[in-house]
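Student: missing the sequence, but the structure's below:
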């Protein structure tokens, strides 16, 4: 169960092109790979820690549980290439260009004056493009949420939102209004004075390119077949200083954790990654259980919801929103509190990568859901080799951070 001298083949796609790496280094991030190896420099290096969104790309993965392709915006600076096995990556170059044909997202941010220095523009485009792949007719709130992980120091965001909200059919009302009243234009009559020589429009929408789904890259059928076969075996990638193991099933994961109790488990790499990259923390071995189906299951129970520890915070947020919309208000107070916290927790890209189990175990005070989970009576199920534990059974063993060295969070149940 240990690392071997030769790495497995890493197979993924970039903008429709198949990539096969026979000696992939676990320490190489997707951002570095795109810019230096593939020479796709549209993705930018900004903060290097997942905070600015300049390196945003879209990853697409076939979900065997839902039997459909899922699209996510992610920070390429935090994504090891070895975590991309079976994934399709789309960069701004794969969306459109002046040499082929601009995508409507690219056209509208340009015509709405949403690009000034241009450094943040590729990331903005990719966040909006990913949103449209998931929701072809988004609301203004969908757009705002999609851009929460993208920073711009030039525009003040107004022209960016103005250009992108044309996809949702919103009026030209002030962003602070609700499209019917309380608009700044109504509050300042002098701005509404008619003048044939002065146009109140910053850009014209008549000649905008319509959304054309045929312009989008299709998900490679080869990756669908690979996803169905992937659960049968583990993957090992050996670098100069780091070995990366992706176990093939839950039993293998528990065996690995028993053999290497101090080894971190990494799925989103939003905590371990920055610590290694920016703080000099080193790990000779990393266990990556992203392919373990049991860790990604969401179940609706009679008295709550069960989330696998590998569920991303975005998946958790979407499921809570769905349940809140279906149940009466008195039954969803805990869910609403979690939704409020999740809405303020990092940006969209980080929520797409970070997991519930990782958030609980990292106990970062900036991104801590533990207080709400505790107050809401959340039940944790932890597993170790040959055993499955409820949180009440192990509470006397020690603090959570110490317990996680030998136990793995299997799932958590949020009570209503």
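Tutor: Looks like it arrived, so ask away. Keep in mind the model is a prediction, meaning the values are calculated, not measured. Residues are numbered from 1 along each chain as shown.
Student: Strands along the stretch 1-150 of the chain, start to end?
Tutor: 10-14, 17-21, 56-63, 68-75, 88-90 (DSSP state E, counting those that start in this stretch).
Student: Partner strands of the third one and their direction?
Tutor: Right, strand 56-63. strand 68-75 (antiparallel), strand 88-90 (antiparallel) (DSSP bridges).
Student: So for residue 34, which of those sits nearest?
Tutor: Nearest of those to residue 34, taken as Cβ to Cβ: strand 88-90 at 7.9 Å. C-beta here means a position set from N, CA and C on the backbone, and glycine is covered the same way.
Student: next one: that closest one to chain centre, how far?
Tutor: Distance of strand 88-90 from the chain centroid (Cα atoms, centre = their mean, to the nearest Å) equals 13 Å.
Student: Averaged pLDDT, it. What do you get?
Tutor: Mean pLDDT, strand 88-90: 98.
Student: what's the answer for stretch 119-131, then?
Tutor: On average, stretch 119-131 scores 97.
Student: Show me the contact partners of it.
Tutor: Stretch 119-131 is contacted by residues 42-44, 46, 52-58, 71-73, 90-92, 95, 103, 105-106, 109, 114-115, 138, 142-143, 146-147, 149-154, 160, 164, 167, 348-349 when judged by Cβ atoms under 8 Å, 6 or more residues apart in numbering.
Student: Pull out the buried members of those residues.
Tutor: 42-44, 46, 52-58, 71-73, 90-92, 95, 103, 105-106, 109, 114-115, 138, 142-143, 146-147, 149-152, 160, 164, 167, 348-349 (16 or more other Cβ atoms under 10 Å).
Student: Just the ones in helices from the residues you listed, please.
Tutor: 92, 95, 105-106, 109, 142-143, 146, 160, 164, 348-349 (DSSP state H).
Student: Just the closest of the residues you listed to residue 35, please.
Tutor: residue 92 (12.3 Å).
Student: Now distance to residue 207 too, for the ones in helices among the buried ones among the contacts of stretch 119-131, in a markdown table please.
Tutor: Compiled in a markdown table, those are given as follows (distance: Cβ to Cβ, whole Å):
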| residue | distance to residue 207 |
| --- | --- |
| 92 | 23 |
| 95 | 20 |
| 105 | 16 |
| 106 | 15 |
| 109 | 15 |
| 142 | 25 |
| 143 | 22 |
| 146 | 25 |
| 160 | 20 |
| 164 | 17 |
| 348 | 30 |
| 349 | 32 |
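Student: Widest-spaced pair of these?
Tutor: Checking those with Cβ to Cβ, the most distant pair is 92 and 142, at 20.4 Å.
Student: For residue 268, which of the strands paired with strand 56-63 is the nearest?
Tutor: strand 68-75 (8.8 Å).
Student: How about the residue nearest the centre of the chain: what's its closest non-neighbour residue?
Tutor: Central residue of the chain (Cα atoms, centre = their mean): residue 352, 2.0 Å from the mean position. Closest residue to residue 352 apart from its sequence neighbours, by Cβ to Cβ, 6 or more residues apart in numbering: residue 72 at 4.3 Å.
Student: try residue 109
Tutor: residue 163 (4.8 Å).
Student: check contacts around the one you found.
Tutor: Contacts of residue 163 by Cβ under 8 Å, 6+ apart are 108-114, 203.
Student: and residue 88, how far is that from residue 150?
Tutor: 22 Å (Cβ to Cβ, to the nearest Å).
Student: ok, residue 115 - contacts?
Tutor: Shown in contact with residue 115 (Cβ under 8 Å, 6+ apart): 109, 121, 155.
Student: any idea how this protein splits into domains?
Tutor: The record assigns the chain these domain ranges, following automatic domain parsing: 10-95+218-287, 104-188+200-208, 297-415.
Student: Could you export the ones you listed to a markdown table, including columns for distance to residue 3?
Tutor: As requested, the domains of the chain are exported to a markdown table (distance: least, Cβ to Cβ, whole Å):
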| stretch | distance to residue 3 |
| --- | --- |
| domain 10-95+218-287 | 4 |
| domain 104-188+200-208 | 34 |
| domain 297-415 | 20 |
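Student: Now the weakest link among those, please, by mean pLDDT.
Tutor: domain 297-415 has the lowest average pLDDT among the domains of the chain, namely a mean of 78.
Student: dump the residue contacts of residue 73.
Tutor: Neighbours of residue 73 in contact, by Cβ under 8 Å, 6+ apart: 56-58, 126-127, 130-131, 146, 149, 348-349, 352.
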